[in-house]
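Visitor: Pasting the sequence and the predicted coordinates here, then a few questions.
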Amino acid sequence: MIIFHVYDYRCHEFAIIENLDLLLQVTELRARSVQQVDFCTQMGSALCTLLWGVSNREETVKTILGMDRTTEFFSLAAQTVSSLVESLSVSQEEDMEESSFVLGLAGTITNVAAVSCGRDFLMSSCRELLEKWMELLGKIRVGNCPQLRVLILMTLYNVSIHREGLVWMSQYGGLMPQLQQLLTDPDSDVCLHALRLLQSLVLEPDVLHMLWGELQPCLPLITQLSHTANSELKTMAAEVLEELRGPMAEA
């Protein structure tokens, strides 16, 4: 017995229409998702830029530190900056809105570290953030995010004013090699703030003694910068060499 299969074109057409409808829904959902991400990035950029601006007052910093979710905010800030750096390791293209978002976060943390109570808070509650900051210095590619690197260096410089922060930072094994690399950076501001941090580290004799061996590869670079045409770099490098003149003579 021969069985004939009748092809139902109507079912086939219905299936095609249904698939097209699902595809259209997925496309619309993706478009909405992109719009939401863009909106959130723009909103975050605007809010963090405003926060950066108002956090340059000690009273504002004290208010920020007194809030319930301050530690969580700093933790999220570290994750956000880290995500940007990781994305740049894959793609060299910077999203201006995202970069503004990240700079606002980093600038706010720099302002917090500029205040005595802010330094105390960072050392007591946010050491993971500071560790992430030092780690990112070595991860950001040369030529990428010079403003971000400057803000990170400024934060670390401010923390180095804190005695406990200075000792803790000097025990971070990767800091001196990172500073050595930054002293060769093509951006003069990055070099300048790397020198400022280095100067702050070597002002304390016990810390200088601890770091003396790791400091040796930096000395030729500092000497080279003391002869540069950039007046700020030249002056700062000369000051650092002056601080090191005694230990170098003894060595």
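Guide: Arrived safely.

Visitor: So which bits of the stretch of helix or strand Q224 belongs to are buried?
Guide: Here Q224 sits within helix 219-225, counting by DSSP states H and E. Across helix 219-225, burial judged by 16 or more other CB atoms under 10 Å covers L221, I222, L225. Any C-beta I mention is one placed from the backbone N, CA and C, and that applies to glycine too.

Visitor: Could you report the separation of the second one from F101?
Guide: In other words, I222. I222 sits 35 Å away from F101, going by CB to CB, to the nearest Å.

Visitor: Kindly report the same for the last one.
Guide: According to CB to CB, L225 and F101 sit 33 Å apart.

Visitor: got it, and K234?
Guide: From K234 to F101 the distance is 35 Å (CB to CB).

Visitor: likewise R149?
Guide: For R149, the distance to F101 - CB to CB - is 17 Å.

Visitor: by contact count, what packs against the host helix or strand of F74?
Guide: Using DSSP H and E, F74 falls within helix 70-90. Contacts defined by 3 or more CB pairs under 8 Å, 6 or more residues apart in numbering; DSSP states H and E place helix 70-90 against helix 96-113, helix 116-125, helix 127-139.

Visitor: More neighbours: which of K234 and F101?
Guide: Using other CB atoms under 10 Å as the criterion, K234 and F101 rank with F101 on top: 24 against 14.

Visitor: that older thread, and E59, which of the helices and strands packed on helix 70-90 is closest to it?
Guide: helix 116-125 (10.9 Å; CB to CB).

Visitor: buried ones in whichever helix or strand comes after the helix holding Q224?
Guide: Counting by DSSP H and E, the next helix or strand C-terminal to helix 219-225 is helix 231-250. Neighbour-count burial for helix 231-250, counted by 16+ other CB under 10 Å, picks out L233, M236, A237, V240, L244.

Visitor: so how far is helix 231-250 from its chain's centroid?
Guide: Mean C-alpha position of helix 231-250 versus that of the full chain (CA atoms, centre = their mean, to the nearest Å) differs by 28 Å.

Visitor: would you put the C-alpha positions of it in CSV?
Guide: What follows is helix 231-250 as a C-alpha-only set of coordinates in CSV (Å, rounded to 0.1, in the frame of the first residue of the first chain):
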residue,chain,number,x,y,z
SER,A,231,60.9,72.5,33.4
GLU,A,232,58.5,70.8,35.9
LEU,A,233,60.0,67.4,35.3
LYS,A,234,63.5,68.7,35.5
THR,A,235,62.9,70.4,38.8
MET,A,236,61.1,67.4,40.3
ALA,A,237,63.8,64.9,39.2
ALA,A,238,66.5,67.2,40.6
GLU,A,239,64.7,67.3,43.9
VAL,A,240,64.4,63.5,44.1
LEU,A,241,68.1,63.2,43.3
GLU,A,242,68.9,65.7,46.0
GLU,A,243,67.0,63.5,48.5
LEU,A,244,69.0,60.5,47.4
ARG,A,245,72.4,62.1,47.3
GLY,A,246,73.3,61.0,50.8
PRO,A,247,72.3,57.4,50.4
MET,A,248,74.0,57.2,47.0
ALA,A,249,77.2,58.6,48.5
GLU,A,250,77.1,56.0,51.2
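
Visitor: name the helices or strands packed onto that helix?
Guide: Contacts defined by 3+ CB pairs under 8 Å, 6+ apart place helix 231-250 against helix 188-202, helix 205-215, helix 219-225.

Visitor: Quick check: H227 touching K234?
Guide: Yes. At 7.0 Å, H227 counts as touching K234 under the criterion of CB atoms under 8 Å.
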